[in-house]
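Engineer: Sharing a model that was predicted from the sequence below.
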Amino acid sequence: MMGCNNLIWEEQLHCQISLQLAAEELFDSLDERLYPKVYMIGVRVNNDLEKAFIHLECKDCDYCVTDFISLQSIPKVILPVAKSSDNEVSSYLINQYLAEIQRILRSHAKSRVVESFISNPAYINGYLVFVVTELNKSVMNTYYTLTKDYSTATRTQKISRSFIESIIKTYLNASTNALKAKSLSEFKILSKSRDELVSSAAHDFMKTVSACGQNGHNLHILYDACNTISSLKYEGEEGLGKMIIAKKNHQNISLTIALEEPILIKDFRKVRKFLELADHKNLLISDSVYIYGLGKIKGKYNHHEESLFVIHFTKHFHWEVLHHHKIMLSVAFRMPSLYSEQINKEKFYSTLNRVFKDIDRDRLNNLWEITIEATKQKHGTILVITNAAKEEAERLSEQSFKVKPVALNRSLMQQITSIDGAVLLDTNCWCYGIGVILDGIASSYGDSSRGARLNSAIRYYEFMEKKTGIVLVVISEDGMINLIPELKPQVMHSNILKKIEELRLLVDAEYTDRRRFNIIMEYFSQHNFYFSEKECNLINGLKATLEHKYRFSDGVKMIYDNFEPNRKMNSSYYLNEVN
């Protein structure tokens, strides 16, 4: 909703939409569960009392102007209209506003489900404009995060506690810079590509790792150095090994081989050659600028100090950053990514619960354990979890190894997935067939960019889905993992009904509000999968009425297609709601 009728600047709606789209492109590519939402808060700092003190630009906003009224009580010196600029607003006042906005957002009811992050402001027409980004709180809590946000060496230097924190900081800084554009044509939140933003964030996070080395110089070189070292081969062999990043003479490091002359980490070929000496016991010892020799971790490392990191070169062009055995950053072919389980546990449990209505938690836990074990199979495999495992093993016996029913466990999974073909099992983890060649029908849902394993699994699912409960886990040789069926997230049906009612109220209203109409229709466009035939007809009718009503009104005139029900939609896509 809008905080007032007057805009701070003419293009602010365009800017908000652009910021939202940029956030979706960036965060969705890293973790589709984050559900970013972006809005802007404007706080007037000049003496033009005819303008509102607070202004919100937020599509379908959960906040109102009164939520931020306490900002008005912060003492400040009002600047003359003609002289105000972002350079003339004191950093003290900006910090006061930042702290109060953060307090307001954290005390709001919505803070139970989202975590909010605020940018430094851009000064626009007498307002300090802050960009706020919301991300799914439960997903944010799944990432391993350090506790200290300052360097242990200086105690004052701010650092990122995780890669996701660096990504958020990079996005917010880009947002502020974009808002400072002098014209709409210059407004480019993604003046850098998505890949450049992610790489920039990884570069920023690696400064956190470098800072623990307490060298004090060249904290910016470690990210590029690791990329280059991982790319080099020595006598045709990939570089595998680990490197400790910590201060020289760290109490938990024991040098086994000390170099007379430390190797500068930018001397990549020497570092790569020295990496050949490393094994699972002896690691390269570095403060992020120099390599001092080979050594071991001794004693019990106090991970609360956050003073020792391990960089693991896993294979050619692949490396990871670990702290206290937790992976904080993964990089493959110079492209960083958020580390998460190869297959999303929440999604796995949700899918099986929706497909197998009577499955209990113990069976889910057992299936999860053997699935995780199957993902370790380097050559890939397929797990077929179905109520008809016994019957399918019989039907496909000519193109598989039918086995006497056996209860699967972790050690057995490594053996039976070492041969080509799928594994047939039921929800009790009993296996009935291995090395199964799946059959099926031609499908329009295949992916020509992927291999035969995934496409055969899709064909088999299309053949079996109406006959019995079935879920397939496809582990490809390239490391990609697919869950079939790929079910859309569950939603609250009540939210859809509320939006339909909002649309009905616009029809009955005496005024025209094309802006609100566009917001509601965009919501419908994003959720069109979830509509019944009756709801599609109702929305289409209300839309037609409003388009006729608004035909002469001002505002952005967007054309929306009519909605049609999706044949795959059913009540299982609605969350159970407590009255």
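Structural biologist: Structure's in. What do you need? Numbering: from 1, shown residues only.
Engineer: Where do the strands of the stretch 1-150 of the chain begin and end?
Structural biologist: For the stretch 1-150 of the chain, the strands defined by DSSP state E, counting those that start in this stretch occupy 37-44, 54-57, 114-118, 122-124, 127-136.
Engineer: partners of the second one, with directions?
Structural biologist: Okay, so that is strand 54-57. Note on strand 54-57: by DSSP bridges, its sheet partners are strand 37-44 (antiparallel).
Engineer: Now for G241, how many residues are close by?
Structural biologist: As a burial measure, G241 scores 21 neighbours (other C-beta atoms under 10 Å). The C-beta positions use only the backbone N, C-alpha and C, and glycine is treated the same way.
Engineer: Dihedrals phi and psi, it?
Structural biologist: phi 160, psi -180 (degrees, to the nearest 10).
Engineer: what does F401 give?
Structural biologist: Main-chain dihedrals, F401, degrees, to the nearest 10: phi -100, psi 100.
Engineer: my read: it touches I437, true?
Structural biologist: No. Counting by C-beta atoms under 8 Å, F401 does not reach I437; the two are 10.5 Å apart.
Engineer: T386 and G469 touch, don't they?
Structural biologist: Yes. With contacts counted by C-beta under 8 Å, T386 reaches G469, the gap being 6.5 Å.
Engineer: More neighbours: which of these two?
Structural biologist: Taking other C-beta under 10 Å, T386 and G469 do not tie; T386 has more neighbours (24 against 19).
Engineer: In contact with the more buried one, which residues are there?
Structural biologist: 392, 424-426, 464, 468-471 (C-beta atoms under 8 Å, 6 or more residues apart in numbering).
Engineer: Just list whatever residues bridge to it.
Structural biologist: With DSSP bridges applied, T386 shows beta-bridge pairing to I470.
Engineer: quick one: it and L424, what's the gap?
Structural biologist: 7 Å (C-beta to C-beta, to the nearest Å).
Engineer: Find residues that contact each of these two.
Structural biologist: What both T386 and L424 touch, as defined by C-beta under 8 Å, 6+ apart, is the set E392.
Engineer: sorry, back to before: so which of the strands of the stretch 1-150 of the chain gets nearest V507?
Structural biologist: V507 lies closest to strand 54-57 among these, at 25.4 Å (C-beta to C-beta).
Engineer: F524 contacts F563, doesn't it?
Structural biologist: Yes. Between F524 and F563 there is a contact at 6.7 Å, judged by C-beta under 8 Å.
Engineer: Identify the contacts common to these two.
Structural biologist: 531, 539.
Engineer: quick one: contacts for S231?
Structural biologist: Each residue near S231 by C-beta under 8 Å, 6+ apart is listed here: 316-317.
Engineer: try it again with 10 Å
Structural biologist: 238-239, 268, 272, 316-319, 333-334 (C-beta atoms under 10 Å, 6 or more residues apart in numbering).
Engineer: looking at this, N455 is in a helix?
Structural biologist: Yes. Membership of N455 in a helix is supported by DSSP: H, G, I helix; E, B strand; the rest coil.
Engineer: what's around it, how many residues?
Structural biologist: A count of nearby residues for N455, using other C-beta under 10 Å, gives 18.
Engineer: Quick check, pLDDT for it.
Structural biologist: We have a pLDDT of 84 for N455.
Engineer: for the one 10 residues further on, same thing?
Structural biologist: The score at E465 is 87. That number is its pLDDT.
Engineer: quick one, phi psi at the closest residue in space to it that isn't next to it in sequence?
Structural biologist: Excluding the flanking residues, the one nearest E465 by C-beta to C-beta, 6 or more residues apart in numbering is P485, at 7.1 Å. P485 adopts backbone torsions of phi -80, psi 150, taken as degrees, to the nearest 10.
Engineer: what's the answer for the one 4 residues further on, then?
Structural biologist: Backbone torsions of P489, given as degrees, to the nearest 10, read phi -60, psi 150.
Engineer: what sits against it?
Structural biologist: Here P489 is in contact with 32-33, 35, 347, 350, 529-530, 573, 575 (C-beta under 10 Å, 6+ apart).
Engineer: now do E115
Structural biologist: 34, 105-106, 133-141, 168.
Engineer: Which of the contacts of S231 ranks first by neighbour count?
Structural biologist: G239 (23 neighbours).
Engineer: Could you list the buried residues of the helix or strand hosting K404?
Structural biologist: Element membership for K404, per DSSP states H and E: strand 401-407. Using 16 or more other C-beta atoms under 10 Å as the test for burial, strand 401-407 gives K402.
Engineer: then that strand to CSV, C-alphas only?
Structural biologist: These are the backbone C-alpha positions of strand 401-407, laid out as CSV (Å, rounded to 0.1, in the frame of the first residue of the first chain):
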residue,chain,number,x,y,z
PHE,A,401,17.7,-58.1,-11.4
LYS,A,402,14.7,-59.2,-9.3
VAL,A,403,15.9,-59.8,-5.8
LYS,A,404,14.3,-61.4,-2.7
PRO,A,405,12.9,-58.5,-0.6
VAL,A,406,15.7,-57.0,1.5
ALA,A,407,15.6,-54.1,3.9
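Engineer: Make 571 the first number, not 1, from now on.
Structural biologist: Okay, residue one is now 571; in that scheme the one you just asked about reads as strand 971-977.
Engineer: Buried residues of the helix or strand following it, list them for me.
Structural biologist: Once the chain leaves strand 971-977, the next helix or strand it forms, by DSSP H and E, is helix 980-986. For helix 980-986, a neighbour-count test (16+ other C-beta under 10 Å) marks 983, 986 as buried.
Engineer: name the helices or strands packed onto helix 980-986?
Structural biologist: Counting contacts by 3 or more C-beta pairs under 10 Å, 6 or more residues apart in numbering; DSSP states H and E, helix 980-986 is packed against helix 931-944, strand 951-956, strand 971-977, strand 992-995, strand 1000-1006.
Engineer: what helices or strands is the fourth one leaning on?
Structural biologist: Helices and strands touching strand 992-995, by 3+ C-beta pairs under 10 Å, 6+ apart, are helix 931-944, strand 951-956, helix 959-965, strand 971-977, helix 980-986, strand 1000-1006, helix 1022-1034, strand 1040-1045.
Engineer: Dump the C-alpha coordinates for that strand into CSV.
Structural biologist: Output of strand 992-995 as CSV, limited to C-alpha atoms (Å, rounded to 0.1, in the frame of the first residue of the first chain):
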residue,chain,number,x,y,z
ALA,A,992,17.2,-48.1,-11.1
VAL,A,993,16.5,-49.4,-7.6
LEU,A,994,12.9,-50.5,-6.9
LEU,A,995,11.8,-50.1,-3.3
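Engineer: what about that strand, distance to the chain center?
Structural biologist: Chain-centre distance of strand 992-995: 31 Å, with C-alpha atoms, centre = their mean, to the nearest Å.
Engineer: Run me through the strand neighbours of it, direction for each.
Structural biologist: Take DSSP bridges as the rule and strand 992-995 pairs in its sheet with strand 951-956 (parallel), strand 1000-1006 (antiparallel).
Engineer: export these to a markdown table and tack on distance to K680?
Structural biologist: Formatted as a markdown table, those follow (distance: least, C-beta to C-beta, whole Å):
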| stretch | distance to K680 |
| --- | --- |
| strand 951-956 | 37 |
| strand 1000-1006 | 45 |
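Engineer: Deepest-packed of the ones you listed, please.
Structural biologist: Stretch with highest mean neighbour count among the strands paired with strand 992-995: strand 951-956 (a mean of 25; mean count of other C-beta atoms under 10 Å).
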